[in-house]
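1. I need the structure of the sequence given here:
(chains A and B)
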Amino acid sequence: MSAAVESGFHSRMSAYGDFAEKVGPQDSQGGLIDALCEVARAANQHEDLPGPLEDLFEYVLNHRLGLKRREPNAVEGLVERLYDAFEFIKKDIDENIWDLLDEDVDPVSLEYVHSLISRSIQGYLNCLKSLESADGTEDKDKFGKDSFKYLNGFYHGLERLMYLNERKSFEESEKKAINDAETDIEMKNQFAGQEDLYDLKINASLIKE
Amino acid sequence: MMQSTPDTNILIYGIVGSENEHQRRLGEDYLDLRNDDEHRIFVFDEVVNEYKKVLKEQIAYIRPRLVIAERHESFEKAEQNHRDDRIADNFWDEVKRYFSPENCLAEVTKYKNGRISSMQRRVNDMTPVEDKYSLDKEKISRIEDELTSSDENVETDSMILYRLFLLAEDKGDITCVSEDGHLNGTDIETVEDIVDLESFSKEVCVADLKDFFDKQS
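-> A predicted model of the protein is given here:
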């Protein structure tokens, strides 16, 4: 039995994949809340759901009405549990994804997909953190816009991970696409709100330090 | 710390091609050039993606060893069944020097994320959000007409060239070395005329990566 199976990583990976697929990348906080409310009941029936994910869905089920009404206390509690859930997922993936190497997954391909998932989640965690100081509606709208790209990266990364688990390696073009997706997330982050610059795909770097 | 770990220097080896002895030597010559007194700025087009590619490949070489080292809490155990890798040897030595086997997996992951963030910050420093290099759309269009490339990136390429002149005016002489050569063939003097900066006295040139190194040899 491989280390990934033995440690339960395969099972958790499958749970994360289901979560990402069913909730999907949402481009607004309202959209995310609605999606979570829709899937919480079904997701809670998943076997071996990791603790923080279980807490998240239990919270959504217990505060469904408040969340639908966007009551501030309910939403605050949701953000806290979203943070805990994604922090757990990131730590789990950072530490245990490498067990897949025992199953002949190509190390370079795994490095690529890990990077996309890990950095996407970190970006999303930063978004959630920024909500603590968000004041008005404008800030919360920005959260939706910014968080979309990170959730999209997470979703895309997990989809690639499932694919890699089956195929064991990526073609060069597939690696490049993942690399580009990761860079795209970083570029969008820096130029948020600056559409002209966002479209500028310049990737130059000063060599002289 | 970690002087011989993946960084821009290793990137040069990766881009130039470590399989080729001649190009490896040119990479070493490039490193000497960096240390000369001219302080010419070298701007590598599209380097971030290439940097990440080389970085990930470097780490991937040693990742299986890291897994074994952490599981057995022993670097020696990890080395028993792995042949030394020509490129990642130094990196592996640095990992052993600076990290303990019990947490080397996580530490190298943190290192990878840190290097990528650092490179991205360097890119973003060059193109700040509050862009002092405001670009005239009409000039961008005229530069596009001069480019030999006709693919979908032609507008981006014209903006890169335009920015090079603004950056040179600000910072000094610039050589732009393009990893895939798509900026080559452009008459840089014509671009300079289009950009039309008053009292511009700096030098901007563009070169294909391979040609750049050939000129230095």
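2. Run through the residues that contact A:Glu21.
-> By Cβ atoms under 8 Å, 6 or more residues apart in numbering or on different chains, A:Glu21 lies in contact with A:Tyr155, A:Leu158, A:Glu159. The way it works is simple: take the backbone N, C-alpha and C, and place the C-beta from them, glycine included.
3. ditto for A:Tyr59
-> A:Gly77, A:Leu78, A:Arg81.
4. returning to that earlier point: what is the nearest of the contacts of A:Glu21 to A:Ile89?
-> Taking Cβ to Cβ as the measure, A:Ile89 lies nearest A:Leu158 of these, at 9.3 Å.
5. State the helix or strand in which A:Glu58 lies.
-> Assigned by DSSP states H and E, A:Glu58 belongs to helix A:51-62.
6. Tell me if I'm right that A:Tyr112 and A:Lys175 touch.
-> Yes: in this structure, A:Tyr112 is within contact of A:Lys175 by Cβ atoms under 8 Å, at 5.1 Å.
7. between these two, who's got more neighbours?
-> Using other Cβ atoms under 10 Å in any protein chain shown as the criterion, A:Tyr112 and A:Lys175 rank with A:Tyr112 on top: 28 against 21.
8. tell me the pLDDT at the closest residue to B:Lys77 other than its chain neighbours?
-> Distances taken as Cβ to Cβ, 6 or more residues apart in numbering or on different chains place B:Ile68 nearest to B:Lys77, at 6.0 Å, with adjacent residues excluded. Per-residue confidence (pLDDT) for B:Ile68: 92.
9. Select from the contacts of A:Tyr59 every entry located in helices.
-> In this view, the contacts of A:Tyr59 that belong to helices under DSSP state H are A:Gly77, A:Leu78, A:Arg81.
10. pLDDT score for the closest residue to the last one other than its chain neighbours?
-> Among residues not flanking A:Arg81 along the chain, A:Leu56 sits closest, at 4.5 Å (Cβ to Cβ, 6+ apart). pLDDT, A:Leu56: 90.
11. Just to be sure, B:Ser201 is in a strand?
-> No: B:Ser201 sits outside any strand when classified using DSSP: H, G, I helix; E, B strand; the rest coil, being coil.
12. quick one: it from B:Leu135, how far?
-> 21 Å (Cβ to Cβ, to the nearest Å).
13. Can you tell me the element the residue nearest in space to the middle of chain A falls in?
-> When Cα atoms, centre = their mean is applied to chain A, the residue found nearest the centroid is A:Phe154 (3.4 Å). Element membership for A:Phe154 (DSSP H and E) is helix A:137-167.
14. any idea which helix or strand comes after the helix ranked longest in chain B?
-> With secondary structure taken from DSSP H, chain B has its longest helix at helix B:47-72. Proceeding N to C from helix B:47-72, the next assigned helix or strand is helix B:75-80, under DSSP H and E.
15. neighbour-wise, which of B:Ser201 and B:Leu135 wins?
-> Between B:Ser201 and B:Leu135, counting by other Cβ under 10 Å, B:Leu135 is the more crowded of the two (18 against 8).
16. Doesn't the more buried one lie inside a strand?
-> No: under three-state DSSP, B:Leu135 sits outside any strand and is assigned coil.
17. So what does it have for phi and psi?
-> Note on B:Leu135: its backbone torsions stand at phi -100, psi 130 [degrees, to the nearest 10].
18. Would you quantify the distance from it to B:Val204?
-> B:Leu135 sits at a distance of 15 Å from B:Val204 (criterion: Cβ to Cβ).
19. swap in B:Asp173?
-> From B:Asp173 over to B:Val204 the distance is 7 Å, taken as Cβ to Cβ.
20. before we move on, back to that, check what pLDDT the residue nearest to the centre of chain A gets.
-> 90.
21. cool, the one 3 residues further on as well?
-> Reading off the per-residue confidence, A:Gly157 sits at a pLDDT of 92.
22. and it, what does it touch?
-> A:Gly157 makes contact with A:Val113, A:Leu116, A:Ile117, A:Ser120, A:Ile178, according to Cβ under 8 Å, 6+ apart.
23. Quick one: the helices in chain B, in order.
-> Going by DSSP H, chain B shows helices at B:8-16, B:21-34, B:47-72, B:75-80, B:89-98, B:104-126, B:137-146, B:154-171, B:188-195, B:209-216.
24. what comes up buried for the fifth one?
-> Along helix B:89-98, these residues count as buried under the neighbour rule (16 or more other Cβ atoms under 10 Å in any protein chain shown): B:Asn90, B:Phe91, B:Trp92, B:Glu94, B:Val95, B:Lys96.
25. which residues of chain B score low on pLDDT?
-> Along chain B, the model assigns pLDDT under 70 to residues B:1-51, B:81-90, B:118-133, B:148-153, B:156, B:171, B:177-185, B:207-217.
26. Dump the contacts of A:Glu21 to JSON lines, plus neighbour count and distance to chain B.
-> Compiled in JSON lines, the contacts of A:Glu21 are given as follows (neighbours: other Cβ atoms under 10 Å in any protein chain shown; distance: Cβ to the nearest Cβ, whole Å):
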{"residue": "A:Tyr155", "neighbour count": "19", "distance to chain B": "20"}
{"residue": "A:Leu158", "neighbour count": "23", "distance to chain B": "17"}
{"residue": "A:Glu159", "neighbour count": "14", "distance to chain B": "19"}
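27. Which member of those is positioned nearest B:Val191?
-> Of all those, B:Val191 sits closest to A:Tyr155, with 41.2 Å by Cβ to Cβ.
28. contacting residues around the residue nearest to A:Ser109 when sequence neighbours are not counted?
-> Closest residue to A:Ser109 apart from its sequence neighbours, by Cβ to Cβ, 6+ apart: A:Phe170 at 4.3 Å. Going by Cβ under 8 Å, 6+ apart, A:Phe170 touches A:Asp106, A:Ser109, A:Tyr112, A:Val113, A:Arg160, A:Leu164, A:Ile178.
29. List the ones among those that fall in helices.
-> Per DSSP H, the contacts of A:Phe170 map to helices at A:Ser109, A:Tyr112, A:Val113, A:Arg160, A:Leu164, A:Ile178.
30. Farthest pair within the residues you listed?
-> Pairwise distances across the ones in helices among the contacts of A:Phe170 peak at 9.8 Å for A:Leu164 and A:Ile178 (criterion: Cβ to Cβ).
31. Give me the more crowded residue out of those two.
-> Between A:Leu164 and A:Ile178, counted using other Cβ under 10 Å, A:Ile178 has the larger neighbour count: 25 against 22.
32. per-residue confidence at the spatially closest residue to that one that is not a sequence neighbour?
-> Among residues not flanking A:Ile178 along the chain, A:Tyr112 sits closest, at 4.6 Å (Cβ to Cβ, 6+ apart). The score at A:Tyr112 is 94. That number is its pLDDT.
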